[in-house]
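1. Attaching a predicted model along with its sequence, questions to come.
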Amino acid sequence: LSAIEAQLAGLPVVAPNVGSLSEVVLNSEGGRIVERTVQGFTMALRELLKDSSLRSEMAMRTRDQSRDQFSVNRMIQHHSALYSSMGK
C-alpha cells in the first residue's frame, strides 16, 4: 500500500521486484523497479535525484495512473465482474 500511497502523492517509487510491486510501480512510468542490490537502488535514486523534469513527469503520470487503477470505483467494478463470472 505504501507504493500506491506514494504514487497518489505524486512521488516516484524506487522498489525491488518483490510481491506485486511490479504491478503497482510501472517501470519508467511511475518509478523504477530495481534489483535487490545496493547498486540497483543507487543507480535509480541517482537518476531521479539528478533529473527534476523526469521526477515531475513521473509524478504526473503515476498520480493519474494510480488514481485510475486503484480507485474505489475500479475495485467495485473488478469485484462485481468477479462475482458475476462465478454465478455463471
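-> Nice, I can see it.
2. contacts and neighbour counts: CA atoms only from here.
-> Will do.
3. most centrally placed residue in this structure?
-> In the chain, the C-alpha nearest the mean C-alpha coordinate belongs to Val25, at 2.5 Å (Cα atoms, centre = their mean).
4. Report the beta-bridge partners for the spatially closest residue to that residue that is not a sequence neighbour.
-> Nearest non-adjacent residue to Val25, counting by Cα to Cα, 6 or more residues apart in numbering: Gly31, 6.1 Å away. Taking DSSP bridges as the rule, Gly31 bridges to Val13, Asn27.
5. show me where this protein has helices.
-> 2-8, 21-24, 38-50, 52-69, 72-86 (DSSP state H).
6. Show me the shaky parts of the protein.
-> Residue ranges of the chain with pLDDT under 70: 27-28, 88.
7. Swap in 80 and give it another go.
-> The chain contains residues with pLDDT under 80 at 26-30, 63-71, 87-88.
8. hang on, the earlier thing: how about the contacts made by the residue nearest to the centre of the chain?
-> Ala3, Val13, Gly31, Arg32, Ile33 (Cα atoms under 8 Å, 6 or more residues apart in numbering).
9. Roughly how far does the fourth one sit from Met60?
-> Right, Arg32. 15 Å (Cα to Cα, to the nearest Å).
10. likewise the second one?
-> Going from Val13 to Met60 by Cα to Cα gives 13 Å.
11. Pick out whichever of the two has more residues nearby.
-> Using other Cα atoms under 10 Å as the criterion, Val13 and Met60 rank with Val13 on top: 28 against 18.
12. Enumerate every residue touching that one.
-> If you count contacts by Cα under 8 Å, 6+ apart, Val13 has them with Ala3, Ala6, Gln7, Val25, Gly30, Gly31, Arg32.
13. what number of residues lie near Ser66?
-> Counted with other Cα under 10 Å, Ser66 comes out at 22.
14. so what's it up against?
-> So Ser66 contacts Ile4, Gln7, Leu8 (Cα under 8 Å, 6+ apart).
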